[in-house]
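K.L.:
Sequence and computational prediction follow.
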Amino acid sequence: MLAGMIRAARRAVPRAGYAAVLAAATLTASGASAQDRDRHAGYYYPPPTVSETFQAEATTLGEATRVRRIGFITIIVNKSLTASYPPPYAMFVKGAEAEKLIII
């Protein structure tokens, strides 16, 4: 299943767009409460006055587990490291359920 997703991503998106596809394909909503997301409000930045809910066009995979998310990113990173040139970015996952994709 992962190999099919990778092949589909390769056909649909040029190399520079992999990060966006990976973020949409591998991550699900983190389920963090508003208090967790805004714990720095009022200290590092002013508290928000307006709140919006973003409706993503990408579909989330309900059967995605921590192991699948880590495995998917591991496959993508290993594939990019075997290219004839070094990748200009680094990717890894974070969070208790590997629900956050970090791209540097």
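P.N.:
Great, that's in hand. Numbering: from 1, shown residues only.

K.L.:
Let me know how buried F92 is, in neighbour terms.
P.N.:
Look at F92: counted by other CB atoms under 10 Å, it has 14 neighbours. For every residue, glycine as well, the C-beta is placed using N, CA and C.

K.L.:
From V77, how far out is it?
P.N.:
For F92, the distance to V77 (CB to CB, to the nearest Å) stands at 8 Å.

K.L.:
Same question for T53.
P.N.:
Counting by CB to CB, the gap from T53 to V77 is 32 Å.

K.L.:
who's more crowded, the two?
P.N.:
More crowded of T53 and V77, by other CB under 10 Å: V77, with 15 against 4.

K.L.:
May I have the phi/psi pair for the more buried one?
P.N.:
phi -60, psi -50 (degrees, to the nearest 10).

K.L.:
residues contacting it?
P.N.:
87, 90-92 (CB atoms under 8 Å, 6 or more residues apart in numbering).

K.L.:
same deal with P47?
P.N.:
38, 41.
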